[in-house]
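Engineer: Just a sequence and a predicted model for now, questions to come.
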Amino acid sequence: MSTLLTRALSRGAMLAAGATALRATVAAAAGSRNGQQTALLSERDKVAHLLRRAGFGYSQAELDEYAKLGVNGAVDRLLAYDQVADTALDQRLEQAKLNLYNTGDLQRWWLLRMLYTRRPLQEKMTLFWHGLLVSGTGKVGIQQPKADAPPDAPKPLHHMLNQNVFFRENALADFGRLLKGISRDPAMVIYLDSNQNRKGKPNENYARELMELFTLGIAGPDGSPNYSEQDVREAARAFTGWGLNREQEFAYNAGQHDGGQKTIFGKTGPFNGDDVIGLILQHPSCAYYLSRRMWQFFAYDAPTLETLRPVMDAFKATNGSASAMLRAIFTHSAFYSELAYRAVPKSPVEYLASFGRALELDTNATGFQSSAQRMAQTLFNPPNVAGWPGGAQWFNSTTWLERLNQLNRVITIRKDTNTQPVDLFGMLQRSSLDSPEKVVDHFLKLLVDGQVRPEQRQTLIDYVKEGNLWPKPGVQLKASDAIVDRKVRGVVYLIAAMPEFHLA
């Protein structure tokens, strides 16, 4: 490693300070953004911000494509994803020949979708619903096909995969549709013990989490409780008889349903599960709770009630349409404010997908799922019913080390059957990057919006220039040149290792 790089941007120094710096950067996002005036962001920078939040980052070509539409056009395009073909992704998934009954392959299947989908908002909302309406393989399991079964034999129901497909197909649906579907979802039935919820002996697990974590929260914006223990008990009675049959499909058992009178939120009737969902949707805190959860996921933590008002209004005007709520978020001035800009820590899978898309990586994602686990995110198996805590908790010395190690693995690949080498020379050619300054500025802009201090930029330029490896004027750069293999590769690593890249 060069003397300059050791002194100014050493990997060891970054590793030692990385997690602390990231936590400090996240903390700064709660107040001032260190003088960054997002009001001065260009339209292109706002589109880049939108793509980081509404998806999993972008390649140069993707950003160019969306930037031509402007912010409003980009929002329209993201929301109208059903008009966008995803055939290249479908072909890639087919070529990967994954065994979705294998946990690792199942996780790779979803990571590939994040890496290559042309419908980023659909995939981002699938991740949002997975983290809100939580189930996990740790309890649900994956029933394996019999080893001696003929090839054409029906395979066991794959509950977690089917749930994931349900979230994807209903990514922008109204909240009531999501709640009615998830209440009947076999993975959820198993995860929260609905099969044990019987007449005369109700199990309160699902009813409690439905109110506390999925729809209302413990208290409303004024601090008053949203429900009572009696509401939970009565709701559990309403869901009795909702379970699985011998084929492990959802089934309603009328003999196990308590059809008696129940009082929930002050209203009385012979309520069933769908009635409970209807009462929840009418609860004054439901619009607030979902709006707040969506805002925290897509914009920033701790929004004010006034900030959330347009999102809540969209919920109320459309019966909880996720599409309408997202439009309200993505067109909100606060979404592009100092509080929002580079304020949301990337989860491990968002990080993996974002640098994969930025570097136009060609991979079948082998090993990516293991890296995500080492960074504390296991797809299809959140740590508990509350989901992943997120925020600054993604960062500690162990997970930061894995972030740098995985980045290094990808950047330094020269030959691999699972992941092709990053085509840095192709990037230089396509963007006419014929000087150290242009190289640094291009990747700073692509990876961190160019939002660095002048001295940071100069240090990176000096690193590229060090050793006089850059060709003299008039000499054509070649893919085999050391400047490409060492310096360009190194500067991309250094920029992607900056704390700013780990914040969406």
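Structural biologist: Ah, there it is.

Engineer: Could you look up the SS state of Ala302?
Structural biologist: coil (DSSP: H, G, I helix; E, B strand; the rest coil).

Engineer: Surely Ala235 touches Glu212?
Structural biologist: No: using CB atoms under 8 Å as the test, Ala235 is too far from Glu212 to be in contact (11.3 Å). Where C-beta positions appear, they are placed from N, C-alpha and C, glycine not excepted.

Engineer: Out of these two, name the residue with the larger neighbour count.
Structural biologist: It is Ala235, of Ala235 and Glu212, that has more neighbours when counted by other CB atoms under 10 Å, with 27 against 16.

Engineer: who's in contact with that one?
Structural biologist: Contact analysis of Ala235 by CB atoms under 8 Å, 6 or more residues apart in numbering lists Ala207, Leu210, Met211, Lys262, Ile264, Phe271, Val276.

Engineer: Swap in 6 Å and give it another go.
Structural biologist: Shown in contact with Ala235 (CB atoms under 6 Å, 6 or more residues apart in numbering): Ala207, Ile264, Val276.

Engineer: counting contacts, what elements does the host helix or strand of the first one pack onto?
Structural biologist: Secondary structure assigned from DSSP states H and E places Ala207 in helix 205-209. In this structure, helix 205-209 packs against helix 229-238, with contacts taken as 3 or more CB pairs under 6 Å, 6 or more residues apart in numbering; DSSP states H and E.

Engineer: does Gly490 belong to a helix or a strand, and which?
Structural biologist: Assigned by DSSP H and E, Gly490 belongs to helix 489-496.

Engineer: Just the mean pLDDT for that helix, thanks.
Structural biologist: Helix 489-496 comes out with an average pLDDT of 96.

Engineer: end to end, how far does stretch 114-126 reach?
Structural biologist: The straight-line separation of the ends of stretch 114-126 (CA to CA, to the nearest Å) is 10 Å.

Engineer: make that stretch 411-423, sorry
Structural biologist: Terminal-residue distance, stretch 411-423 (CA to CA): 10 Å.

Engineer: in that stretch, what's buried?
Structural biologist: Counting neighbours by 16 or more other CB atoms under 10 Å, one finds that the buried residues in stretch 411-423 are Ile411, Ile413, Thr419, Pro421, Val422.

Engineer: What is the burial count for the closest residue to Val488 other than its chain neighbours?
Structural biologist: When the adjacent residues along the chain are set aside, Val488 lies closest to Leu424, with 5.0 Å between them (CB to CB, 6 or more residues apart in numbering). Leu424 has 23 neighbours, counted by other CB under 10 Å.

Engineer: From the rest of the structure, what touches stretch 126-142?
Structural biologist: So stretch 126-142 is contacted by 101, 159-160, 167-168, 171, 182, 187-188, 190-191, 214, 297, 380-382, 385, 387-388 (CB under 6 Å, 6+ apart).

Engineer: Averaged pLDDT, it. What do you get?
Structural biologist: 98.

Engineer: Going along the chain, name the strands of the chain.
Structural biologist: For the chain, the strands defined by DSSP state E cover 242-244, 250-252, 262-264, 267-269.

Engineer: So for Met125, which of those strands sits nearest?
Structural biologist: strand 250-252 (23.0 Å; CB to CB).

Engineer: and the closest one, average pLDDT?
Structural biologist: Strand 250-252 comes out at a mean pLDDT of 98.

Engineer: Residues contacting that strand, please?
Structural biologist: Residues from elsewhere that reach strand 250-252 (CB under 6 Å, 6+ apart): Arg184, Pro186, Gly241, Asn245.

Engineer: let's see it at 8 Å
Structural biologist: Counting by CB under 8 Å, 6+ apart, Arg184, Asp185, Pro186, Val189, Gly241, Trp242, Gly243, Leu244, Asn245 sit against strand 250-252.

Engineer: and the gap between the fourth one and Gly278?
Structural biologist: Computed as CB to CB, to the nearest Å, the Val189 to Gly278 distance reads 20 Å.

Engineer: Once you drop chain neighbours, what's closest to Phe355?
Structural biologist: Leaving aside its chain neighbours, Phe355 sits nearest to Ala496 (5.5 Å; criterion: CB to CB, 6+ apart).

Engineer: how close does the one you found sit to Ile461?
Structural biologist: For Ala496, the distance to Ile461 equals 17 Å [CB to CB].
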